[in-house]
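# give me a 3D structure for the following:
(2 chains)
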Amino acid sequence: MIDQEKIATVLDAAALRSAERRRFLSLVGRGGAAAGGLALLSACGGSSSGSATPTPTPSATSTSSIEAADISILNYALNLEYLSAQYFSWAAQGSGLPSSDTSGTGTPGSVTGGTQVTFADPIVAACAREIARDERAHVEYLRAQLGSAAVAMPAIDISNAFAALGQIAGVASFNPYSSDENFLYGAFILKDVIVTAYKGLAPLVGTPAWIAGVAGILGAESYHGGLIRTLLYQKGFTVTATKFSDARDSLDGSTDLDQGIAGADSSISNVAPVDGNGIVFSRSTGQALNIFFLNKASTTSGGFFPSGVNGTVNASAASG
Amino acid sequence: MTQDERLAGTPGTPPETAGERSDDRRAFFAAAIGAAAIGTGAFLFADPLSAQTITDADVLNFALNLEYLQANYYGYASAGAGLATADTQSGAATPTPGSSVTPGRQATFSDATVAAYAKEMAADQLAQVRFLRTQLATSAVAQPAIDLGYSATSAFSVMAQNAGLVGSGVAFDPYASDANFLLGAFFLQDIAVSAYQGMVSLLTSQSYREAVGGLMATEAYHAALVRTTLYQKSVATPALLDQVNTISNYRDSLDGGSDDDQGISPVGSVANIAPVDSNGNTFPRASGAVLNILFLTRISTTKGGFFPGGVNGNITTSAAS
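Just a heads-up that it's a prediction; the model follows:
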């Protein structure tokens, strides 16, 4: 049997996740329905991993509660995908998402900044196009899953926000569209945060189909993250990547959840940003928003999202 | 020009190249919904006995077998040594030694960057072995027999012969060069990602779901490292693209009817590092399909290929593909 106490100790982040899950359920309200959801959660959560036949039978209300919470989670993810898709789309092809991909509930916004990169290395250009296409597919996939509940794209800043993060990192006048190298830094800034955010979401999602869907997006985002970090490493761009990694780390709390691409010495790389267990880091929704808002305080707008994100999961954490 | 028109003019958006890509990327999501709806996912296992008794520990032990294989491969390639005995014994009260490994050897790297990648992956895979063994504690399975050799009859050579990468009876030595090491890593790495993704939906513990999601993400970073490096090297050595496709097609031929495996050939001017479907999602593999590939067989059996004595634990059988 698996030692459950050891699980709790080794995976202490899981407690945070559970707390976040409860918060999602309370955010969507529904009183008694939320209580039903929690009962289901404990039945299929961490308390019975050794059980041979964990087959909770959710009531109709608890199922709808789980789904309501999941809608909040997926809408949060959709905000991040809007940002990422706009960056890669503008950089790769000089245009953003079509308006048919950005409508929805909440306050719609427009994109500030974004310019096609004149790529010197055709490999980098081809990879930029691939990621742009995949990110647009993620936007459309999430919107299709959410249907009429999908949030609109909020106001997005992919120009001034990069420069502001550059200032935090000590990189003057940072413009991610001015060269292959700077494009890769911009991609690096966004990608790893999105990977950690999706990993943080993985245990929060309760609807089976969306568990599978979020896992598939996490996989794709991780391939993208690996692609970007590999290109940076191979091109020798380790010093500035570390600066941006440190800037991210300065925003999301005292825990070290971020890594550059340089290894301990030149004999070893650090393409995969992992902990001592060989596992990629997680960020809570609030920690990811700390970085995108460029603010370690608890707030609801700033940085890449100057008017905030749409949906009920919209606040950064108190991380500083 | 509207944004729509601009996007329509780029590769990969409808109508033409998206269709091309979709051909290669299976319409996965409908299947995923079907599988996920099964709940605990017992359906995914070919062995009806196991289907009755699959626990989270069984799933993690299945993962541990895959990690033993990978950790040894990268350990040999980067440092000329596989896992230490302490990392391979059964976790049971009376330790039993891990079975023997047909050893590899330290790879001959000419590109220091590739050597650094190998060293990183060796360290990460070792950490993953130790993480899973710590979690499983006394229920951790011992390392099974693993074939990481490079003779003409080794698992890597049989894989390469069956795939058509080398001729009949010809050895494929994954330790002979940067390119061969990367091709060997390519064979193993995408399987690990899809295997972990398949496990996410099987786990009942939220804690383990998060951990396995993180293990999957690490494997995907590694897989992207391997795929990106092969893609970069294909500029000077175009034949690498065909070699990668040969291996990808072979994997696909082993694991059932759907075309869910992808090489790294660009589609038009668009790269193909991340092997995703039309939704931009990577695809999962069921344990039986994973074992089809590692056993190098499309029939239902319990050993072969890289695991000549089979894998340890309760998930042991390849699918009838």
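
# for residue A:252, which non-adjacent residue is spatially closest?
Leaving out its chain neighbours, the residue that sits closest to residue A:252 by C-beta to C-beta, 6 or more residues apart in numbering or on different chains is residue A:287, at 4.2 Å. C-betas here are computed from N, CA, C, even on glycine.

# ugh, typo on my part, it should be residue B:232
When the adjacent residues along the chain are set aside, residue B:232 lies closest to residue A:123, with 5.8 Å between them (C-beta to C-beta, 6+ apart).

# quick revisit: quick one: secondary structure of the residue nearest to residue A:252?
helix (DSSP: H, G, I helix; E, B strand; the rest coil).

# what about it, how many residues close to it?
Residue A:287 is surrounded by 25 other residues when neighbours are defined as other C-beta atoms under 10 Å in any protein chain shown.

# now for it: which residues touch it?
A:196, A:200, A:252-253, A:257, A:316-317, A:319 (C-beta atoms under 8 Å, 6 or more residues apart in numbering or on different chains).

# pipe those residues into a markdown table and attach secondary structure per row.
Output for these, formatted as a markdown table (three-state DSSP):
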| residue | secondary structure |
| --- | --- |
| A:196 | helix |
| A:200 | helix |
| A:252 | coil |
| A:253 | coil |
| A:257 | coil |
| A:316 | coil |
| A:317 | coil |
| A:319 | coil |
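
# separation between residue B:291 and chain A?
Distance, residue B:291 to chain A, using C-beta to the nearest C-beta, to the nearest Å: 20 Å.

# ok, back up a step: got a winner among the contacts of residue A:287 for most neighbours?
Per-residue neighbour counts (other C-beta under 10 Å) across the contacts of residue A:287 peak at residue A:316, which has 31 neighbours.

# just give me how far the helix or strand the residue nearest to residue B:232 falls within sits from the chain centre.
With the criterion set as DSSP states H and E, the secondary-structure element containing residue A:123 is helix A:122-146. Taking C-alpha atoms, centre = their mean, to the nearest Å, one finds the center of helix A:122-146 at 15 Å from the center of the full chain.

# ranges for the strands of the chain?
Picking chain A for this. For chain A, the strands identified by DSSP state E occupy A:111-112, A:156-157, in order along the chain.

# not quite, I wanted chain B
Listed in chain order, the strands of chain B (DSSP E) span B:101-102, B:146-147.

# contacting residues for residue 121?
Picked chain A for this. For residue A:121, the contacting residues are residue A:180, by C-beta under 8 Å, 6+ apart.

# my question was about chain B
By C-beta under 8 Å, 6+ apart, the contact list for residue B:121 reads A:272, B:70, B:74, B:78, B:185, B:222, B:225.

# CSV please, covering the residues you listed and showing pLDDT and neighbour count.
As requested, those are arranged in CSV below (pLDDT from 0 to 100; neighbours: other C-beta atoms under 10 Å in any protein chain shown):
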residue, pLDDT, neighbour count
A:272, 96, 28
B:70, 98, 24
B:74, 98, 29
B:78, 98, 24
B:185, 98, 26
B:222, 98, 31
B:225, 98, 28
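
# just the closest of those residues to residue A:130, please.
Nearest to residue A:130 among the contacts of residue B:121, counting by C-beta to C-beta, is residue B:225 at 15.6 Å.

# return the distance of the closest one relative to chain A.
Separation of residue B:225 from chain A (C-beta to the nearest C-beta): 5 Å.

# pull the contacting residues for that residue.
A:226, A:229-230, A:269, A:271-272, B:117, B:121.

# tell me which two in these are the farthest apart.
The span of the contacts of residue B:225, defined through C-beta to C-beta, is set by A:229 and B:121 at 13.1 Å.

# mutual contacts of the two, please.
Between them, residue A:229 and residue B:121 share the contacting residues A:272, B:225, judged by C-beta under 8 Å, 6+ apart.

# ok so, going back, turn the strands of chain B into TSV, columns for mean neighbour count and mean pLDDT.
TSV is the format used below for the strands of chain B (neighbours: other C-beta atoms under 10 Å in any protein chain shown; pLDDT from 0 to 100):
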stretch	mean neighbour count	mean pLDDT
strand B:101-102	20	94
strand B:146-147	27	96
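
# could you export those strands as a markdown table, including distance to chain A?
As requested, the strands of chain B are arranged in a markdown table below (distance: least, C-beta to the nearest C-beta, whole Å):
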| stretch | distance to chain A |
| --- | --- |
| strand B:101-102 | 20 |
| strand B:146-147 | 19 |
